[in-house]
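In: 3D, please:
(2 chains)
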There are 2 protein chains.
Amino acid sequence: MTNTQLPDWLARRAALHPARPAIISSSAMWSFSELDARAHAVAAGLQGLGVAPGMRVAILAHNSAPYAAVLHAAPRAQMVLVPLNTRLSAAELAWQLGDCGAHLLLYDEAHAHLAKTLSVPQSVALEELGPQTVQRSAISYDALPPAPTLWERGKGGEGHPEPPNNPPSSPQADAPLIKLDALHTIIYTSGTTGRPKGAMLSAGNHWWSAMASMLNLGLHEDDRWLALLPLFHVGGLSILLRGAIYGMPVVLHERFEPHAALAALEHERVTLASFVAVMLARMLDAAGTRPLPPHFRCALLGGGPAPRPLLEACAARGLPVVQTYGMTETASQAVTLNPHEALRKLGSAGQPLLPLELRIMQGDREAPPNQVGEICLRGPMVTCGYYQNPAATAAALREGWLHTGDLGYRDDEGFLYVIDRRDDLIISGGENVYPAEVEAALLSHPELAEAGVIGAPDAQWGAVPIAFVVAKADCKPQAEALIAHCRTQLAAYKVPRRINFVAALPRTAAGKLRRGVLRELED
Amino acid sequence: MTNTQLPDWLARRAALHPARPAIISSSAMWSFSELDARAHAVAAGLQGLGVAPGMRVAILAHNSAPYAAVLHAAPRAQMVLVPLNTRLSAAELAWQLGDCGAHLLLYDEAHAHLAKTLSVPQSVALEELGPQTVQRSAISYDALPPAPTLWERGKGGEGHPEPPNNPPSSPQADAPLIKLDALHTIIYTSGTTGRPKGAMLSAGNHWWSAMASMLNLGLHEDDRWLALLPLFHVGGLSILLRGAIYGMPVVLHERFEPHAALAALEHERVTLASFVAVMLARMLDAAGTRPLPPHFRCALLGGGPAPRPLLEACAARGLPVVQTYGMTETASQAVTLNPHEALRKLGSAGQPLLPLELRIMQGDREAPPNQVGEICLRGPMVTCGYYQNPAATAAALREGWLHTGDLGYRDDEGFLYVIDRRDDLIISGGENVYPAEVEAALLSHPELAEAGVIGAPDAQWGAVPIAFVVAKADCKPQAEALIAHCRTQLAAYKVPRRINFVAALPRTAAGKLRRGVLRELED
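Out: Got it, this is the predicted structure:
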């Protein structure tokens, strides 16, 4: 069985249905044929700039169609794409660029100034990679073919065959190959112990993730997936990959704006969309009492525990929510609750996607039902480790099993309940905030002796970080100064919302911070 | 990436939606939970009979629910299933059983007599493997839950959540694992040089085939696939595998009967069905002018070239036909024409499914567009070779490329046209008939010196075999006697319909039969 390489999925989709829309964004409307041609041009452009197989190419940009072209260029140039979180501070970005040894940094106009302050061998504006931008006005949206409906003919349509194809430039030459074992992406995730780790995802991890999602959610000829999440997160990036693998249009928003998201559902024939809880709540608020369009068949809800009132509000509106538990290290979705069970199993993350195995471990043995343990996952979507970080890799991966650090249990029917995403993780608006990282930033201030960070409940964001600090002897730092200091070190969402000055932090005999006590102080 | 094993798909589907119908046949209606339990019981039963990992277990039976249980038991018992063509003669069956070294033969009641004449270490009636048969009357069809429609809620339904699940017996214990590289099935295919060859298909070949089909046809929550083809052909067997992998009900008919097929479309909510041309034509005849039900979204048409009048008749009725070119060695579909192109590219087999590469070879070089050559395929659905037949394997597989022996070309847009399924292959009602095999049977008659077999056009079956023979000196065999002799050697569909006595056969200087001249004689 030759299972180590596949034809380039985008090239194949471009050959199969060249005129079908691939990317629909506010500034561009690219068909599969156009996206394919642009990915080809970007790959050639990067190779011209000296990008050789295996080199890391970082990208610092808002969501856009050219971002998609860069993503799909990666396997063609055999480069490794490193999507950078645009919300990070310059110091955080510099550290990641250094850690992955980026050869080249791509940036968009909004990040040009920041990019030029970062030290990399080369940095190149996306625009310089060729004529990437097609004005939306250049291709009339109305002139685009309707979504094919032949397979939906029973549901009212007569079937609109697609317009004559633009023949691909070289139809006989088959698509280039994508090696499934090849490193495709490095995405940094913060950890419990300070520095972020670069989770390595192979082309195969992404491919299997797309298969797993399809086996769970199905695939309809008229599917269109709305991408509201940033592309530097695996939840956003994986939508573009599914789009190319399935031959499915992706409606791509530069940033989340609830009314724009709602408008996409209503006017762009979106059938699926990925959300974190705060986004879904805001979109429902924006909708008011307006009914959601009937073709919208699935809200995939990830990025942390979903508040019960939100799920109940969705259920009351008949909005089909698919709750999912996943992470960068599993190339997105791992365990999913389908809509049939949404009410009966409210609060559960569901059952593992077909290719994945799930175990709840208590030390070296598997926990019995209803007993809490560490959530462990194994399967073809799981990362092979962290880039040039054998210690972190060895800690997380044992015999193929990813030890997530998250706690949970399975009920009598095998449904997973996630108790806590690591006992100290703060999830703020879908973004992970690790206290250790915030504490390290605080402690880099010369007037602080100790710092402890916990999450405090927040109606809008789910949680926000707050800090408890102990000043050095004879120092009297001001809260505003500490927050300003953090802003130079950290992404804005990681900066503590409040600083509490205390005489000492509660610690165990071994000196370990007792965050539980801090949480009690806060309640 | 751990991509060599997956959780047992049937066990996972049983855990996820235990009450959903898995197999709907005239005598049984099994839910996923029941099918899973029966597969488990069959695996245990076979292990009790001494079936050890790697052993070949042959099955000689009509389509039935217990057949499905045996199929899904195969990876659990780590055995290799050898589905036998029920239309073969005892001599042909005995040869295949010997060739694969079958340890055990399973048979149903209809084949009990035949099975007992065959020499194998053990032969066991399907019924003896446990309480396999659930009378249809025992589970009222009307009591079954409606097909889930939550994701279809825009199409009129309010959404019917599935009934409370029957909890699987041991929910916490995860599903057993299926090794993708493990040999799963041996299916015999006839060849140009006499003896059949046992094409080896791994679990991974079948898995990738299911993925490839899903990427092409989509997957709807309400999908149900009608299996009319015999399960001893890969086209039938693969439907059961897709059913378990997708969690999709399969409506299983014991044999093709056009009115029953039509009734299944109309009353069992079938959305997809696989056909060979003769079946589809007969079903359309049976339908007369009645409209086909609107939920029927795809007729997958394989097993040889589709007659243009049939395609035109389907188009006129708005019946979405997906033509496909595939073979045992590719675990079913390989190249498919989708309905959007059915009329524009009438007669084409379409484009390769996403995971497969396609090349048209003229000797060692790739043919330019519109030039005929040998169709070659590579990818994760392609067999790793023929069982214990290194010569045939080496001839067919070179650097992962399957040399199909079929001739064809790709047009300027990359669409495949199959010119001839091997230049001498006769496809009769979807069954492959190799002249060499029929000639060998004829030549085993003591009064014949030479024999040449070709296909003659036939309105009902597409083609039927006819023979040209040269009697030995001083012999005067009768056509009836030769046909009766063939019946003892060959499946009925391979027996020549007509015997032409000639003084000599046209041959090349090298002595090779010139079938083209025979065909001219026949025209």
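In: what about the helices in the stretch 151-300 of chain A?
Out: Counting by DSSP state H, counting those that start in this stretch, residue ranges of the helices within the stretch 151-300 of chain A are A:203-217, A:234-246, A:258-267, A:277-287.
In: now swap in chain A and tell me
Out: In order along the chain, chain A carries the following helices (DSSP state H): A:9-16, A:32-48, A:65-77, A:90-100, A:112-116, A:203-217, A:234-246, A:258-267, A:277-287, A:308-317, A:390-396, A:435-443, A:479-489, A:515-522.
In: Now do residue A:145, the pLDDT please.
Out: The predicted local distance difference test score for residue A:145 is 34.
In: er, residue A:149 actually
Out: At residue A:149, pLDDT is 28.
In: for the residue lying closest to residue A:279 once chain neighbours are set aside, what are its contacts?
Out: For residue A:279, the nearest residue in space outside its immediate sequence neighbours is residue A:256; the separation is 5.3 Å by CB to CB, 6 or more residues apart in numbering or on different chains. For every residue, glycine as well, the C-beta is placed using N, CA and C. Residue A:256 makes contact with A:228, A:229, A:279, A:282, according to CB atoms under 8 Å, 6 or more residues apart in numbering or on different chains.
In: Which pair of those residues spans the longest distance?
Out: Spatially, the most separated pair among those is A:229 and A:282, at 13.5 Å (CB to CB).
In: quick one, which of these two is more surrounded?
Out: Summary of the neighbour comparison: residue A:229 and residue A:282, criterion other CB atoms under 10 Å in any protein chain shown, with residue A:229 having more neighbours (27 against 19).
In: distance of the more buried one from residue B:30?
Out: Residue A:229 sits 41 Å away from residue B:30 when distances are taken as CB to CB, to the nearest Å.
In: do residue A:52 as well
Out: Residue A:52 sits 56 Å away from residue B:30 when distances are taken as CB to CB.
In: The two: which is more packed in?
Out: A count of neighbours by other CB under 10 Å puts residue B:30 above the other of residue A:52 and residue B:30, at 25 against 11.
In: State the pLDDT value of the nearest residue to that one once chain neighbours are set aside.
Out: Using CB to CB, 6+ apart and skipping residues adjacent in sequence, the residue nearest residue B:30 is residue B:23, 4.5 Å away. Per-residue confidence for residue B:23 comes out at a pLDDT of 98.
In: circling back to that earlier point, the helices of chain A into a markdown table, with extra columns for mean pLDDT?
Out: Putting those into a markdown table (pLDDT from 0 to 100) gives the following:
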| stretch | mean pLDDT |
| --- | --- |
| helix A:9-16 | 95 |
| helix A:32-48 | 94 |
| helix A:65-77 | 97 |
| helix A:90-100 | 95 |
| helix A:112-116 | 94 |
| helix A:203-217 | 97 |
| helix A:234-246 | 97 |
| helix A:258-267 | 95 |
| helix A:277-287 | 89 |
| helix A:308-317 | 84 |
| helix A:390-396 | 94 |
| helix A:435-443 | 85 |
| helix A:479-489 | 93 |
| helix A:515-522 | 80 |
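In: Figure out which of these is closest to residue A:300.
Out: helix A:203-217 (7.5 Å).
In: hang on, the earlier thing: and the helices of the stretch 151-300 of chain A: which comes nearest residue B:438?
Out: Proximity to residue B:438 (CB to CB) singles out helix A:203-217 among those, at 42.7 Å.
In: buried stuff in the closest one?
Out: Applying a neighbour-count criterion of 16 or more other CB atoms under 10 Å in any protein chain shown, the buried positions in helix A:203-217 are A:203-217.
In: Then stretch A:444-464?
Out: Along stretch A:444-464, the positions that meet the burial threshold by neighbour count (16+ other CB under 10 Å) are A:445, A:448, A:450-456, A:458, A:461-464.
In: now, which of those sits nearest residue B:82?
Out: Taking CB to CB as the measure, residue A:462 is the one of these closest to residue B:82, at 56.5 Å.
In: So in terms of bridging, what pairs with residue A:463?
Out: For residue A:463, the beta-bridge partners are residue A:457 (DSSP bridges).
In: just to revisit the earlier point, dump the buried residues of stretch A:444-464 into JSON lines; add pLDDT as well.
Out: As requested, the buried residues of stretch A:444-464 are arranged in JSON lines below (pLDDT from 0 to 100):
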{"residue": "A:445", "pLDDT": "92"}
{"residue": "A:448", "pLDDT": "91"}
{"residue": "A:450", "pLDDT": "84"}
{"residue": "A:451", "pLDDT": "89"}
{"residue": "A:452", "pLDDT": "90"}
{"residue": "A:453", "pLDDT": "92"}
{"residue": "A:454", "pLDDT": "92"}
{"residue": "A:455", "pLDDT": "91"}
{"residue": "A:456", "pLDDT": "91"}
{"residue": "A:458", "pLDDT": "89"}
{"residue": "A:461", "pLDDT": "88"}
{"residue": "A:462", "pLDDT": "87"}
{"residue": "A:463", "pLDDT": "90"}
{"residue": "A:464", "pLDDT": "93"}
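In: Make JSON lines from these and add distance to residue B:312 to it.
Out: Putting the buried residues of stretch A:444-464 into JSON lines (distance: CB to CB, whole Å) gives the following:
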{"residue": "A:445", "distance to residue B:312": "79"}
{"residue": "A:448", "distance to residue B:312": "81"}
{"residue": "A:450", "distance to residue B:312": "82"}
{"residue": "A:451", "distance to residue B:312": "77"}
{"residue": "A:452", "distance to residue B:312": "76"}
{"residue": "A:453", "distance to residue B:312": "71"}
{"residue": "A:454", "distance to residue B:312": "71"}
{"residue": "A:455", "distance to residue B:312": "66"}
{"residue": "A:456", "distance to residue B:312": "70"}
{"residue": "A:458", "distance to residue B:312": "65"}
{"residue": "A:461", "distance to residue B:312": "61"}
{"residue": "A:462", "distance to residue B:312": "59"}
{"residue": "A:463", "distance to residue B:312": "63"}
{"residue": "A:464", "distance to residue B:312": "66"}
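In: with these in mind, which one is nearest to chain B?
Out: Nearest to chain B among the buried residues of stretch A:444-464, counting by CB to the nearest CB, is residue A:462 at 26.7 Å.
In: Which residues are in contact with that closest one?
Out: Counting by CB under 8 Å, 6+ apart, residue A:462 has contacts A:277, A:278, A:304, A:307, A:427, A:428, A:429.
In: Going by distance to residue B:118, which of these wins?
Out: Comparing the contacts of residue A:462 against residue B:118 with CB to CB picks out residue A:304 as the nearest, at 61.4 Å.
In: Wait, residue A:492 touches residue A:86, no?
Out: No. Under the contact definition of CB atoms under 8 Å, residue A:492 does not touch residue A:86, with a separation of 10.9 Å.
In: ok, stretch A:310-318 near chain B or not?
Out: Yes. Part of stretch A:310-318 sits close enough to chain B to count as contact by CB under 8 Å from any CB of the partner chain, namely residue A:318.
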